[in-house]
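[1] This is a predicted model, with the sequence first.
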Amino acid sequence: MSLVSAQHLVKTYQTGDVSVHAIKGVDFTIEASSFVAFVGPSGSGKSTLLNMVGCLDHPTEGVLKVLDQDVSKLNRKEAAHFRGQHIGFVFQDFNLIPILSAYENIEYPLMMVQNWPPAKRRERVMELLSAVGMEEQANKRPDQLSGGQKQRVAVARALVTHSKLVLADEPTANLDHDTAYRIIDLMKCMRDEFGTTFVFSTHDPKIMKEAEVTFVLEDGYLNNQTKSTGAAANA
């Protein structure tokens, strides 16, 4: 069973009398525990596609299944519940809550989405802090962390609910070269350790190089798919 599958996926935005066709009838599948990149120029539809896979937006047409659930049929409340149970997000600007510590940012989804008891929350948060090498920074707020440390916290937060799928929208865009490589390596380690699928929207050639499958989008069309046997072999 594919983790994600799309059939004739279409997304059209209506602004007054103008229709903007962001995604134009794409088909693709994503397997479990894979490292996948959607690439293409700005405006090609990468972020729109990730938003639909992440249940943040609905397709206009087509079938979109995530974990064998047709998410295109979910209402807003159902989509929010499904997203909270199964999908994590990593963003280029980190999206951490500034008044919360690293520990509290990672803990937040367990309180707000899944309502775990305190002892269970602490065990899980400490497991993730250790996994991303941030135990010593657990009590620091985002403004006390470097860009790479913030993204490590964001990765931990995305994984804390045992997400099967993590969607990462330009996660290395605000990081320097060496830090970006360390974050990519961290996400690959998390994939290997937890079996999580990572799906990227990116311009970054470093991510493209490491991706096992690359989908090329242009003007809303899926023009090409490539598989990297080298990346898969090293996974």
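    Noted; the coordinates are in hand.
[2] which residues touch the closest residue to residue 7 other than its chain neighbours?
    Among residues not flanking residue 7 along the chain, residue 63 sits closest, at 4.5 Å (Cβ to Cβ, 6 or more residues apart in numbering). All C-beta spots, glycine's among them, are computed from the backbone N, C-alpha and C. Residue 63 makes contact with 5, 6, 7, 8, 9, 70, 72, according to Cβ atoms under 8 Å, 6 or more residues apart in numbering.
[3] For residue 159, give me its contacts.
    Residue 159 is in contact with 88, 128, 131, 166, 190, 194, 196, counting by Cβ under 8 Å, 6+ apart.
[4] mind listing what the residue nearest the centre of the chain touches?
    Closest residue to the average C-alpha location of the chain: residue 167 at 1.1 Å, with Cα atoms, centre = their mean. By Cβ under 8 Å, 6+ apart, residue 167 lies in contact with 50, 53, 54, 87, 88, 89, 90, 199, 201.
[5] Just the ones in helices from those, please.
    Counting by DSSP state H, the contacts of residue 167 place 50, 53 in helices.
[6] between the contacts of residue 167, which is closest to residue 102?
    Taking Cβ to Cβ as the measure, residue 102 sits nearest to residue 90 out of these, at 14.8 Å.
[7] What about the nearest residue to the closest one once chain neighbours are set aside, how many residues nearby?
    Counting by Cβ to Cβ, 6+ apart, residue 168 is the residue found nearest to residue 90 once chain neighbours are left out, at 4.1 Å. Counted with other Cβ atoms under 10 Å, residues neighbouring residue 168 total 26.
[8] I'd like to know how far residue 168 sits from residue 15.
    Residue 168 is 28 Å from residue 15, where distance means Cβ to Cβ, to the nearest Å.
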